[in-house]
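Below is the structure, and that's it, no one-letter string:
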């Protein structure tokens, strides 16, 4: 029996459009399954799961939602109800993928449902707001949600939307035939945190760990990457962690846009996995365009990384707080942990002669980590820079010894 392609939509305002996608999924050999997430008016086309059933599964009823007139609460209830049915199909191995169409409300509701699903399960959102200056983080989160711009508003099936909907239906049906939740393979699998400043280091670690026998899965340490890594560690995907770029902890301290939240650098410790931490990305704060730089940062050493990204050198105080925070989180660890300190430079940009070179701030970090780090966490000092092969060799040797 084929797995279902779930179509989420408000059948009072998007009925003909949802029905068109349903027919296209059928034409592609799929099995459509429509869940009505509308609230106000009558559905204009039939659903496999009605709005009344969705509201009940979300802990309310349609009459109460309408009477209250709270759109935000209605969204929460209907998203929860739709999530219940989607996860039930997943548990029965009857879910191929999820597609939805919508404007701002529909996108917010449907992507909440999609974010409840594991990475690997196909998710496609056709949205009027999947373009322009809109932030995509709230809609994608840490999951593999595909956003497709609808180009025209979702108001009828016409020369523009017909092509978009047809492509979207074909895409989700095809993905549903091969998609599945990610799972461990036969290789040993390790997580790694990475920015451009530590790409060389991660490449060296990959080579030393033998790609034929191991997978090193790198996560871009810009907020969502770190959150995704922590979530997948909790799901027992990894044998160990090369957390050589803990920059998101710094970003959280300074309330930067690339923070991964207060739970960064905790999952490996809770899981008892061996982890090795180093200094990638801790010597700068990631900010926006140079012209928008806050006045408080303008007197510091700065570096224009791209037209839209400016790097600001961390202060002595910030480095001290960061070192103490890292030490406290590693102290929570139930497994072996180590910190590698490359004493010459914490990254490319802070090497002598480079724009962010600041020995005083580096020494503040070194002094604080030595002061606060629990002796059971191994501290390894190397007279070199972050991307020297000696750092990769030391990190790999620590992890190997832990796993013997």
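Arrived safely, thanks for sending. Everything numeric here is computed off the predicted structure, so don't read it as measured data.

buried sites along the least confident helix or strand in the chain by mean pLDDT?
Using mean pLDDT, DSSP states H and E, helix 62-68 stands out as the lowest-scoring helix or strand of the chain, at a mean of 84. Neighbour-count burial for helix 62-68, counted by 16 or more other C-beta atoms under 10 Å, picks out 62, 65. Backbone N, C-alpha and C define where each C-beta goes, glycine included.

Same question for stretch 162-175.
In stretch 162-175, counting by 16+ other C-beta under 10 Å, buried: 164-166, 168-169, 171-175.

go on, stretch 125-137?
Buried residues in stretch 125-137 (16+ other C-beta under 10 Å): 125-130.

Turn those residues into TSV, including distance to residue 149 and secondary structure.
As requested, the buried residues of stretch 125-137 are exported to TSV (distance: C-beta to C-beta, whole Å; DSSP: H, G, I helix; E, B strand; the rest coil):
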residue	distance to residue 149	secondary structure
125	10	strand
126	8	strand
127	7	strand
128	8	coil
129	8	coil
130	4	coil
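
Which of these sits closest to residue 34?
Within the buried residues of stretch 125-137, the smallest distance to residue 34 is 14.8 Å, found for residue 126 (C-beta to C-beta).

The closest one is in contact with residue 101, isn't it?
Yes - if you go by C-beta atoms under 8 Å, residue 126 and residue 101 touch, sitting 4.5 Å apart.

Could I get the full set of helices for the stretch 51-200 of the chain?
51-57, 62-68, 71-91, 104-115, 137-140, 159-178, 199-208 (DSSP state H, counting those that start in this stretch).

Out of these, indicate the one that is most buried.
helix 104-115 (a mean of 22; mean count of other C-beta atoms under 10 Å).

which one is residue 244 nearest to, not counting chain neighbours?
Of all residues not flanking residue 244 in the chain, residue 278 sits nearest, at 4.0 Å (C-beta to C-beta, 6 or more residues apart in numbering).

count of residues packed around the one you found?
As a burial measure, residue 278 scores 28 neighbours (other C-beta atoms under 10 Å).

ok, now residue 253?
17.

So it sits against residue 323, correct?
No - under the criterion of C-beta under 8 Å, residue 253 makes no contact with residue 323, lying 10.7 Å away.

circling back: now, among the buried residues of stretch 162-175, which is nearest to residue 373?
Closest to residue 373, out of all of the buried residues of stretch 162-175 and judged by C-beta to C-beta, is residue 175, at 45.9 Å.

can you tell me how far the residue nearest in space to the middle of the chain sits from residue 351?
Centroid-nearest residue in the chain: residue 142, 2.6 Å away (criterion: C-alpha atoms, centre = their mean). Relative to residue 351, residue 142 is positioned 33 Å away (C-beta to C-beta, to the nearest Å).

What segments of this structure are strands?
4-9, 31-36, 95-102, 123-127, 146-149, 188-194, 214-220, 240-243, 275-277, 284-287, 302-306, 309-313, 337-342, 378-382 (DSSP state E).

distance of residue 311 from residue 40?
Counting by C-beta to C-beta, the gap from residue 311 to residue 40 is 49 Å.

Just want to know which of these two has more residues nearby.
Comparing residue 311 with residue 40 by other C-beta under 10 Å, the one with more neighbours is residue 311, at 22 against 14.

pretty sure the more buried one contacts residue 297?
No - counting by C-beta under 8 Å, residue 311 stays clear of residue 297, with 10.2 Å between them.

Name the residues contacting each of the two.
Common contacts of residue 311 and residue 297 (C-beta atoms under 8 Å, 6 or more residues apart in numbering): 285, 287.
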